[in-house]
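J.: sequence and predicted structure are below.
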Amino acid sequence: MNAPSEAILVEQLRAGSDEAFESLVREHGGVMLATARRVLGQDADAQDAVQDAFVQAFRKIDTFHGESKLRTWLHRITVNASLMKLRSSRSRPAVSIDELLPQFLEDGHRTVGEKRWSDPGLVAAERSETRAIVREMIDCLPDDYREVVLLRDVEQLDTKETADFLGVGLAVVKTRLHRARQALRTLLARRFAGVTGC
């Protein structure tokens, strides 16, 4: 049996069809789970976020007007559910990343020279263990900075989409992303130098 067209599927969902909901889960569940895994990093949390996303999608199907594809709408709901899960599971006090940012002298030069990673380090960046370390260091960032990195660098939303998603201005996204990347670079340099933890 062929899957119904998107417009028919949406109408069936609005009518409360269980079969349409099952079709939605079959067609989009895998992609939504992959998205949630990229944001959350843990399978159990990702599965919970996807369940929440499907419940939200089913409840809010009347708000889907077809300006975007259903997949895009579901992606946004999934990312939002994942960020909510991330926020609720990490209710930790806000911390400053200032100590992780480069420091400059009055003449504009850095107080400590920027260390270049060697070519073997660049090759190692392709390995899954290094990706896991990068993910761990992203998790060390304060929420506002972590969310921007996840949306821009992991989910690859553009600056405007990220700003709209977070409800902040473009300049805020650009500033947070720049600071987050600088802090992440410092955290990674420390880790590759053998320092564990955040």
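T.: Nice, thanks for sending it over. Numbering: from 1, shown residues only.
J.: please count neighbours and contacts with C-alpha atoms only from this point.
T.: OK.
J.: ok but residue 195 is inside a helix, no?
T.: No. Read with DSSP: H, G, I helix; E, B strand; the rest coil, residue 195 is coil and lies in no helix.
J.: neighbours of it, how many?
T.: Residue 195 has 11 neighbours, counted by other CA atoms under 10 Å.
J.: show me how the protein divides into domains.
T.: Here the domain parsing of the chain from automatic domain parsing is 6-89, 98-192.
J.: mind putting those in a markdown table, mean neighbour count and mean pLDDT included?
T.: Putting the domains of the chain into a markdown table (neighbours: other CA atoms under 10 Å; pLDDT from 0 to 100) gives the following:
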| stretch | mean neighbour count | mean pLDDT |
| --- | --- | --- |
| domain 6-89 | 17 | 87 |
| domain 98-192 | 15 | 78 |
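J.: can I get the ones you listed in a markdown table including distance to residue 198?
T.: As requested, the domains of the chain are arranged in a markdown table below (distance: least, CA to CA, whole Å):
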| stretch | distance to residue 198 |
| --- | --- |
| domain 6-89 | 17 |
| domain 98-192 | 6 |
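J.: against residue 182, how distant is the spatially most central residue of the chain?
T.: Taking CA atoms, centre = their mean, the centroid of the chain lies closest to residue 150, which sits 3.0 Å from it. Relative to residue 182, residue 150 is positioned 15 Å away (CA to CA, to the nearest Å).
J.: likewise for residue 158?
T.: Distance, residue 158 to residue 182, using CA to CA: 19 Å.
J.: how about the helices of this protein, start to end?
T.: For the chain, applying DSSP state H gives helices covering 6-14, 18-40, 43-59, 70-89, 119-124, 128-140, 143-149, 159-166, 170-192.
J.: which phi and psi does residue 156 have?
T.: Dihedral pair for residue 156: phi 60, psi 40, per degrees, to the nearest 10.
J.: how much space between it and residue 147?
T.: Where residue 147 is concerned, residue 156 sits at a distance of 12 Å (CA to CA).
J.: residue 37 too?
T.: 14 Å.
J.: before we move on, what about residue 81?
T.: As defined by CA to CA, residue 81 lies at a distance of 12 Å from residue 147.
J.: what of residue 45?
T.: Note on residue 45: its distance to residue 147, by CA to CA, is 16 Å.
J.: my read is that the residue nearest to the centre of the chain contacts residue 37, right?
T.: No. In this structure residue 150 lies outside contact range of residue 37 using CA atoms under 8 Å: 11.3 Å.
J.: need the residues touching each of those two.
T.: By CA atoms under 8 Å, 6 or more residues apart in numbering, residue 150 and residue 37 have no common neighbours.
J.: sorry, back to before: go through the helices of the chain and name the closest to residue 101.
T.: helix 170-192 (5.4 Å; CA to CA).
J.: quick check: angle from that closest one to helix 128-140?
T.: Angle of helix 170-192 versus helix 128-140, following axes from the mean of the first three to the mean of the last three CA atoms, to 10 degrees, is 130 degrees.
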